[in-house]
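Asker: Based on what follows, work out the 3D shape:
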Amino acid sequence: MRDVIALGAFWLLASSLGCALPKEAGEAPLPSRPSIILIVTDDQGMGDYGHAGHPFLETPNLDRLASECPSVPRHYVSPVCSPTRASLMTGRYNQRTRVVDTWAGRSMMEPDEVTVAEALRSAGYGTGIFGKWHLGDCYPMRAMDQGFDEALVHRGGGLAQPSEPLANGRRYTDPILFKNGDPIQAQGYCTDVYFDAALDFVDAHLDRGEPYFAYVATNAPHDPFHDVPEQLYAKYRERALAAHPEGLSDQLDREARICAMIENIDQNVGRLITHLEERGVADDTLLVFMGDNGCVPGRFNAGLRGSKTSVYEGGIRSPLFVRWPSTLDVGAVVPGVTAHID
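Answerer: Sure thing, here's the model as predicted:
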């Protein structure tokens with residue numbers, strides 16, 4: 001039963017729109033089934049987009065993505081990240097999975113939960129995760145134990161957290177990551193590394209003519225903010241100084257750093273979409289983008305009350321961009337409330 005729950009939203013959407021699906025798990029992949037890319041960012045709130053009215057953040061690629069999707073005006077997630085990710089992976093309320101928080105063992109998902117990766121793999125999809133899992137670092141709770149053929153992840157809730165290797169030294173640049181369970185020394189800024197690996201994964205499956213599920217889960221723009229893309233930080237620091245010539249407060253400097261992390265995400269999303277277009281598969285790829293909870297306190301949040309950890313709108317509302325050009329009507333509006341368990 002749980003495999004049906006885990007696949008529920010995708011299969012229901014696809015079948016209702018006339019997409020051919022296998023009758024039994026394990027059948028050969030059908031060409032009409034879309035490949036799926038799911039992007040989830042960390043602590044990116046409703047205001048962290050150019051089209052949302054942020055005073056100086058630029059997100060041209062995410063703004064474009066939003067304009068090319070049906071409108072989902074009221075989408076909700078959990079107020080902190082692991083519960084959101086447990087619901088997203090299983091289609092179940094997070095409490096049923098044993099994931100109720102982000103620390104002290106409360107972010108370890110029950111191994112017998114059936115994930116969407118397990119269900120898609122049984123239906124002939126290649127499965128890969130790139131970035132943040134945060135549902136268990138040890139067997140049998142790791143992403144590689146829960147349906148992902150390829151896993152390039154950091155441990156715990158993020159880089160620069162207690163679960164990382166001591167040798168990493170709180171780095172977002174050139175981090176130590178874990179590829180299918182083994183530590184590797186990555187080269188580059190963490191978000192770029194995840195998208196690079198995801199693009200290689202996409203190409204490998206396209207070259208073999210196989211459908212795939214790529215889960216790209218960035219740990220940006222989660223803190224700490226000491227290691228951010230330097231050129232983008234310089235850009236936003238200059239903008240903040242232009243608006244406040246008297247000098248930057250700690251809060252404004254933090255905002256400039258977070259904006260640098262978010263525009264880096266935006267650049268990678270643009271790079272991904274361009275790559276799909278160049279490979280001629282953008283129209284038949286189901287691309288989903290969302291956040292895991294609201295932004296941290298003290299930031300622009302599009303006029304919403306509350307922030308991360310709060311059950312007010314600012315803590316639990318998330319954008320949801322679902323792009324499938326060959327199938328979904330860009331002008332459609334999804335009525336009512338949607339959530340991560342959908």
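Asker: Tell me the spacing between the closest residue in space to residue 341 that isn't next to it in sequence and residue 68.
Answerer: Among residues not flanking residue 341 along the chain, residue 87 sits closest, at 4.7 Å (C-beta to C-beta, 6 or more residues apart in numbering). In this view, the C-beta of every residue, glycine as well, is placed from N, C-alpha and C. Taking C-beta to C-beta, to the nearest Å as the measure, residue 87 falls 26 Å from residue 68.
Asker: hang on, the earlier thing: just the CA atoms of the helix or strand hosting the residue nearest to residue 341, as PDB, please.
Answerer: In this structure, residue 87 sits in helix 81-90 according to DSSP states H and E. What follows is helix 81-90, C-alpha atoms only, in PDB (Å, rounded to 0.1, in the frame of the first residue of the first chain):
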ATOM      1  CA  CYS A  81      13.100  20.900   6.800                       C
ATOM      2  CA  SER A  82      13.200  17.200   7.700                       C
ATOM      3  CA  PRO A  83       9.500  16.800   8.200                       C
ATOM      4  CA  THR A  84       8.900  18.400   4.800                       C
ATOM      5  CA  ARG A  85      11.400  16.000   3.200                       C
ATOM      6  CA  ALA A  86       9.900  13.000   4.800                       C
ATOM      7  CA  SER A  87       6.400  13.900   3.500                       C
ATOM      8  CA  LEU A  88       7.800  14.700   0.100                       C
ATOM      9  CA  MET A  89       9.500  11.300  -0.200                       C
ATOM     10  CA  THR A  90       6.600   9.200   1.100                       C
END
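Asker: and the helix or strand immediately after it in the chain, what does it pack onto?
Answerer: The first helix or strand that comes after helix 81-90 along the chain, using DSSP H and E, is helix 116-122. Packing partners of helix 116-122 (3 or more C-beta pairs under 8 Å, 6 or more residues apart in numbering; DSSP states H and E): helix 2-16, helix 81-90, strand 126-131, strand 212-217.
Asker: check contacts around the residue nearest to residue 341.
Answerer: Taking C-beta atoms under 8 Å, 6 or more residues apart in numbering, we find residue 87 in contact with 77, 78, 93, 94, 97, 339, 340, 341.
Asker: What separation is there between the spatially most central residue of the chain and residue 218?
Answerer: By C-alpha atoms, centre = their mean, the chain has its centre lying nearest to residue 40, at 1.2 Å. Going from residue 40 to residue 218 by C-beta to C-beta gives 8 Å.
Asker: Also residue 261?
Answerer: The gap separating residue 261 from residue 218 is 9 Å, by C-beta to C-beta.
Asker: Name the residues contacting each of those two.
Answerer: Common neighbours of residue 261 and residue 218, using C-beta under 8 Å, 6+ apart, are residue 191.
Asker: out of the two, which sits in the busier spot?
Answerer: A side-by-side neighbour count of residue 261 and residue 218, using other C-beta atoms under 10 Å, places residue 261 first with 31 against 26.
Asker: Against residue 162, how distant is the more buried one?
Answerer: 21 Å.
Asker: same deal with residue 213?
Answerer: Going from residue 213 to residue 162 by C-beta to C-beta gives 30 Å.
Asker: Looking at the two, which one has more neighbours?
Answerer: Neighbours per residue (other C-beta under 10 Å) separate residue 213 from residue 162, with residue 213 holding more: 26 against 9.
Asker: How about the contacts made by that one?
Answerer: Counting by C-beta under 8 Å, 6+ apart, residue 213 makes contact with 35, 36, 37, 38, 116, 117, 120, 121, 125, 126, 127, 128.
Asker: Residue 275: which of those residues is nearest?
Answerer: residue 37 (10.6 Å; C-beta to C-beta).
Asker: average pLDDT across whichever strand or helix holds that closest one?
Answerer: Following DSSP H and E, one finds residue 37 within strand 35-41. Strand 35-41 comes out with an average pLDDT of 98.
Asker: C-terminal to that strand, what's the next element?
Answerer: Note on strand 35-41: by DSSP H and E, the next helix or strand toward the C-terminus is helix 60-67.
Asker: Tell me how many other residues surround the closest residue to residue 317 other than its chain neighbours.
Answerer: Take residue 317 and drop its neighbours on the chain: the residue closest to it by C-beta to C-beta, 6+ apart is residue 46, 5.4 Å away. Residue 46 is flanked by 20 other residues according to other C-beta under 10 Å.
Asker: Go through stretch 55-65 and flag the buried ones.
Answerer: 56, 57, 58, 59, 61, 62, 64, 65 (16 or more other C-beta atoms under 10 Å).
Asker: tell me the least confident of the residues you listed?
Answerer: Here the lowest pLDDT out of those sits on residue 56, with 92.
Asker: Quickly note the distance from that residue to residue 191.
Answerer: Residue 56 sits 20 Å away from residue 191, going by C-beta to C-beta.
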